[in-house]
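Asker: coordinates only, no sequence provided:
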């Protein structure tokens, strides 16, 4: 893989991260991150949708009339989302129920439309595919970090496994209580803020003057 | 005092630029200005300087909190004695009750100050600015608005959250747009509801037979028969957060704040007016027992008086313009009563009402200033 292509995958993980730098896709980052498992499934769904719709739009890019390009893009994205939704319903029904409308709402996820407009309309299929994978991974990485802290402190579990010992809990004579704030979406927003804070302190060139 | 001054002057060069402990300069400055009025001179332009600087302002707030704190300590002991069936006259047990409460409340105060000040000093060192005084008041406000049974690690966590997320990320004292003490309480309220509400948390080591519900808790579940008398609610011999129960103690603090001009009378008055207006309106509509509860009950129950005097008037987070203060205060009182009466999830609305209006205060100010500019423009055009 050439250096230029590698950059397409690596850049969205940090310097061009869709959530922490471009501040896109915040809504779903708050909604599906109460536990790690739905967050990972959501991340994979977005990776698939962005990558494949990027490829399709990139293949069609020279034949789409500019005036109706948004409708064409939406149509492609909607088709991909329906495929993913049906796939989840067939194979991981419980997670699909947990994610409820948010899989369908991938259509409105700004990351997808943003990549189609900004990248796939001007670039070849292979580069567009890598760009989609990269941005999906960047989105998934942040989702995973948020969900990790929210599930650990909010429920004391990770991927459903008990991490905090049962004997610590006040109900069993210990001192510990789960932090209910971590279950609520506002805490996800605060965690996103903290990630942006840490990220910008490490990369001074991202700070606005 | 003189020997202290000489000692400070002697070690001062070590902390100035180029000195041995240059890095600890802001820590040194914090202690020096805590003991003595700073001798800085205004160098540019002309400014009016007053001896009442930030530290003295904050200390007035701390002094104003002392009556509520002392009463709260006594009440912790008194509620405990009541719950275990102690029937001796109040006068005979006043000291033992106070001592009991003192020993329970002191650890909460120590934890708040140690955690909060440690973070404040850390930030001051890293960012190289002077240590902010604001936490001296915040650190005493937090213990007064939590139940006495609160676990100390939760207090530490909430204090750290309030100082870092509520204040330091925005640039420290004076830059925060929400009251840090209330952020600490909101954090505890949403994170550990079982330790912050209900009828089990308000009395330390309660006896089994007693119901420890606060008047607001009673009102929320429609248990009006077991609400304490108006006199008890006014004096404050009821279960509740440590500092919020006694109206007379809070009024002493309010008087001190108003005489020294630290807090705004406009805000206090408009909070009461807002609650009265909405309270009367709800009384007029009627419908259920809570809606027909006389409006003045709202002043006596829960944290209304405490929030009105000490929280809503926080000069940093309140509206700055005089017209803005009236709107800001009125809406706090109105929203607090609405939340209490109509929201089945939260018995107390004062905290959320103040935090909500903290967020809107800059917007209110913006439109007040804007209206003033437009009014003056209009006047200008008429005379032309």
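Answerer: Ah, there it is. Predicted model, so just to flag it, every value in this text is computed and none were measured.
Asker: so, low pLDDT: which residues of chain A?
Answerer: Applying pLDDT under 70 to chain A flags the ranges A:1, A:209.
Asker: can you pull out the strands in it?
Answerer: With strands called from DSSP state E, chain A shows them at A:157-158, A:161-162.
Asker: wait, what's in contact with the closest residue to residue A:147 other than its chain neighbours?
Answerer: Distances taken as Cβ to Cβ, 6 or more residues apart in numbering or on different chains place residue A:39 nearest to residue A:147, at 3.6 Å, with adjacent residues excluded. Glycine gets a C-beta too; all of them are placed from N, C-alpha and C. Counting by Cβ atoms under 8 Å, 6 or more residues apart in numbering or on different chains, residue A:39 makes contact with A:32-33, A:143-144, A:146-147.
Asker: ok, residue A:199 next?
Answerer: Neighbours of residue A:199 in contact, by Cβ under 8 Å, 6+ apart: A:14, A:17, A:20-21, A:206.
Asker: and the helices in the stretch 1-150 of chain B?
Answerer: Counting by DSSP state H, counting those that start in this stretch, the stretch 1-150 of chain B has helices at residues B:2-15, B:25-35, B:54-83, B:94-127, B:135-144.
Asker: okay, the angle between the first one and helix B:25-35?
Answerer: So the one you mean is helix B:2-15. Orientation check (axes from the mean of the first three to the mean of the last three Cα atoms, to 10 degrees): helix B:2-15 against helix B:25-35 gives 160 degrees.
Asker: over to the shortest one?
Answerer: In terms of direction (the same axes, to 10 degrees), helix B:135-144 departs from helix B:25-35 by 80 degrees.
Asker: packing partners of helix B:135-144?
Answerer: helix B:54-83, helix B:94-127, helix B:152-166, helix B:180-191 (3 or more Cβ pairs under 8 Å, 6 or more residues apart in numbering or on different chains; DSSP states H and E).
Asker: likewise for the fourth one?
Answerer: Contacts defined by 3+ Cβ pairs under 8 Å, 6+ apart place helix B:94-127 against helix B:25-35, helix B:54-83, helix B:135-144, helix B:152-166.
Asker: quick one: buried residues of it?
Answerer: Under the neighbour-count criterion of 16 or more other Cβ atoms under 10 Å in any protein chain shown, helix B:94-127 has B:97-98, B:100-102, B:104-105, B:108-109, B:111-113, B:115-117, B:119-121, B:123-124 buried.
Asker: okay, angle between it and helix B:135-144 too, please.
Answerer: Counting by the same axes, to 10 degrees, helix B:94-127 lies at 140 degrees to helix B:135-144.
Asker: what's the mean pLDDT across helix B:94-127?
Answerer: Mean pLDDT, helix B:94-127: 90.
Asker: distance from the chain centre to that helix, please.
Answerer: Its chain's C-alpha centre lies 15 Å from the corresponding centre of helix B:94-127 when counted by Cα atoms, centre = their mean, to the nearest Å.
Asker: got the angle for it vs helix B:54-83?
Answerer: Interaxial angle, helix B:94-127 versus helix B:54-83 (the same axes, to 10 degrees): 140 degrees.
Asker: kindly report the same for the shortest one.
Answerer: Using the same axes, to 10 degrees, the direction of helix B:135-144 lies 10 degrees away from that of helix B:54-83.
Asker: who's in contact with the residue in chain B positioned nearest to chain A?
Answerer: In chain B, the residue that lies nearest chain A is residue B:191 (3.9 Å; Cβ to the nearest Cβ). Residue B:191 sits next to A:179-182, B:154, B:157-158 when contact means Cβ under 8 Å, 6+ apart.
Asker: give me the neighbour count for residue B:8.
Answerer: By other Cβ atoms under 10 Å in any protein chain shown, the residues close to residue B:8 number 15.
Asker: who's in contact with it?
Answerer: Residue B:8 makes contact with B:32, B:35-36 under the criterion Cβ under 8 Å, 6+ apart.
Asker: ok, now how distant is residue A:87 from residue A:49?
Answerer: Note on residue A:87: its distance to residue A:49, by Cβ to Cβ, to the nearest Å, is 11 Å.
Asker: what about these two, which has more around it?
Answerer: Between residue A:87 and residue A:49, counting by other Cβ under 10 Å, residue A:49 is the more crowded of the two (26 against 14).
Asker: where does the stretch 151-300 of chain B have low pLDDT?
Answerer: Judged by pLDDT under 70, the stretches of the stretch 151-300 of chain B that qualify are B:206-211.
Asker: show me what from it comes close to chain A.
Answerer: Taking Cβ under 8 Å from any Cβ of the partner chain as the criterion, the stretch 151-300 of chain B approaches chain A at residues B:151, B:153-154, B:165, B:169, B:187, B:190-195.
Asker: just the buried ones from those residues?
Answerer: Buried among those by 16+ other Cβ under 10 Å: B:151, B:154, B:165, B:187, B:190-193, B:195.
Asker: closest to the centroid, which residue in chain B?
Answerer: Among the residues of chain B, residue B:311 comes closest to the average C-alpha position under Cα atoms, centre = their mean, at 4.1 Å.
Asker: can you check chain A too?
Answerer: By Cα atoms, centre = their mean, chain A has its centre lying nearest to residue A:139, at 3.5 Å.
Asker: got the phi/psi numbers for the residue nearest to it when sequence neighbours are not counted?
Answerer: Using Cβ to Cβ, 6+ apart and skipping the chain neighbours, the partner closest in space to residue A:139 is residue A:18 (5.1 Å). With angles defined as degrees, to the nearest 10, residue A:18 sits at phi -60, psi -40.
Asker: the one 5 residues further on too?
Answerer: Recorded main-chain torsions at residue A:23 are phi 50, psi 50, according to degrees, to the nearest 10.
Asker: now do it against chain B, distance only.
Answerer: Distance from residue A:23 to chain B, counting by Cβ to the nearest Cβ, to the nearest Å: 17 Å.
Asker: and for that residue, the neighbour number?
Answerer: Residue A:23 has 12 nearby residues by other Cβ under 10 Å.
Asker: from what I can see the residue nearest to the centre of chain A touches residue A:44, true?
Answerer: No. Judged on Cβ atoms under 8 Å, residue A:139 makes no contact with residue A:44 at a distance of 10.6 Å.
Asker: ok, residue B:143 - contacts?
Answerer: Contact analysis of residue B:143 by Cβ under 8 Å, 6+ apart lists B:69, B:105, B:108-109, B:112, B:155, B:242-243.
Asker: can you tell me how far the residue lying farthest from the centre of chain A sits from residue A:167?
Answerer: No residue in chain A sits farther from the centre than residue A:173, which is 39.1 Å out by Cα atoms, centre = their mean. According to Cβ to Cβ, residue A:173 and residue A:167 sit 7 Å apart.
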